[in-house]
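> just a sequence and a predicted model for now, questions to come.
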Amino acid sequence: MSNAEIVLIVGMLLITFTIRYGLFAVGHRVRFSPLLSRALSYVPVAVLTAIVAPAMFMPDGQHWHLALDNAYLFGGLAAIAIAAAWRNLLATIAGGMLVFVLWRWLFG
Amino acid sequence: MSSRFKQALLGARDTIPMLVGAAPFGIIFGTLAVSSGLSVAATLAMSIFVFAGSAQFIAVSLIASGTGLAVILVTTFVVNLRHMLYSASLLPYVKHLPQRWRVPLAFWLTDETYAIVQNHYLRTQVPLEHKHWYFLGSCLAMYSNWVACTVIGVLLGSSLPGMAGWGLDFAMVATFIGIVVPSLRSRPMVVAALVAAAVALLAHPLPYKLGLILAALAGVIAGLLAERLNSAKPIDLEVPNEQR
């Protein structure tokens, strides 16, 4: 394990554990403002979408790639359709991967 | 069988559906981490010491795209903030426990265990006395499952060299889509996602993945604003939400 990896893991450990343990450590009843609670409820969706969108539209990490041979885009659209229809994580991963692989094979 | 042990087993048993959902996630994480350039030791250490699925996935995808340490850590913070909500909600049930209990229960607190344990604490007919054993049972089930699945993924990833070229990074895209789309059950949530996507694409050229942080912030603010508009002007166009 390189030094950079150790720093990364220790950093992630400290941050994650502090978030999880902070309130348990203090032990008093803490109340979140309703605004903060509601804001936090949007965090997972906002972060994950912010990662997915560039991965679909700019698979090389730099340039827009709006073309028929972009398997990331069409595999992603298929995954969105499957997720919307069945709300099932496994079906979404499997179906999305299948379309992605087929698409690369057909147009790649 | 002591009733403590029974409670722990019960907690583990009730967590089984969550294990099934997390298993492919762990395997894909192990495979992907190795093919993104993280060493085997670091991949295992991350699952053992950090134990935060979505943050681990995001860290690996950021490593693969050459992102610096500071941005990865800030992202970890943002992505894991929701755990503070969970701990706030469980606090009334654990504050009577000594720290030697609170430390491990906090370390092992995940979305899945929260969902299971919260439900159990709400059942008032069971006495509070041994409920932390139930909590612990759920934690240990999730933890051993996550670490074991990471090992399987690492073995798969390193026994099949060239896997990096298979487009496994798409598995992560599909996984995130599978998490996000089912949670888009209200209009503000949809607005949050659309705004986050648009800002992420427009701000993508910014250095240090600042676009990601900006997009997340913009999404949260947009969601809150949309909520306010929605409640100020209630309209019946909304499709009735399915209750989970």
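Yep, that arrived.

> state the distance from the residue in chain B positioned nearest to chain A to B:Ser39.
Closest residue of chain B to chain A, CB to the nearest CB: B:Gly219 (2.9 Å). (C-beta placed from N, C-alpha, C; glycine too.) Distance, B:Gly219 to B:Ser39, by CB to CB, to the nearest Å: 33 Å.

> circling back to that earlier point, pretty sure the residue of chain B closest to chain A contacts A:Ala50?
Yes. Counting by CB atoms under 8 Å, B:Gly219 does reach A:Ala50; the two are 6.7 Å apart.

> okay, domains of chain A per the record?
A:1-30, A:42-107 (automatic domain parsing).

> any idea which of these is most buried?
Mean neighbour count (mean count of other CB atoms under 10 Å in any protein chain shown) peaks for domain A:42-107 among the domains of chain A, with a mean of 19.

> tell me where the model's unsure across chain A.
Scanning chain A with the threshold set as pLDDT under 70 gives A:28-31.

> same deal with chain B?
Confidence mapping of chain B against pLDDT under 70 gives the ranges B:1, B:124, B:162-166, B:168, B:207-209, B:232-244.

> give the buried residues for the longest helix along it.
For chain B, the longest helix by residue count, based on DSSP state H, is helix B:131-159. Judged by neighbour count (16 or more other CB atoms under 10 Å in any protein chain shown), helix B:131-159 contains these buried residues: B:131-143, B:145-146, B:148-151, B:153-154, B:157.

> quick one: the residue nearest the centre of chain B from B:Ser231, how far?
Nearest to the geometric centre of chain B sits B:Ser54, at 4.4 Å (CA atoms, centre = their mean). If you measure B:Ser54 against B:Ser231 using CB to CB, the figure is 29 Å.

> repeat that for A:Tyr72.
37 Å.

> please apply the same query to B:Ala12.
B:Ala12 is 41 Å from B:Ser231, by CB to CB.

> now for whatever helix or strand the residue of chain B closest to chain A lives in, which elements pack on it?
For B:Gly219, the host element (DSSP states H and E) is helix B:210-232. With contacts defined as 3 or more CB pairs under 8 Å, 6 or more residues apart in numbering or on different chains; DSSP states H and E, the packing partners of helix B:210-232 are helix A:34-57, helix B:69-80, helix B:187-202.

> smallest gap between chain A and chain B, at which residue?
Counting by CB to the nearest CB, chain A gets nearest to chain B through A:Ala46 (2.9 Å).

> next one: the residue nearest to that residue when sequence neighbours are not counted from A:Ala4, what distance?
Nearest residue to A:Ala46, sequence neighbours excluded (CB to CB, 6 or more residues apart in numbering or on different chains): B:Gly219, at 2.9 Å. Taking CB to CB as the measure, B:Gly219 falls 30 Å from A:Ala4.

> since that was my last question, I'll sign off now.
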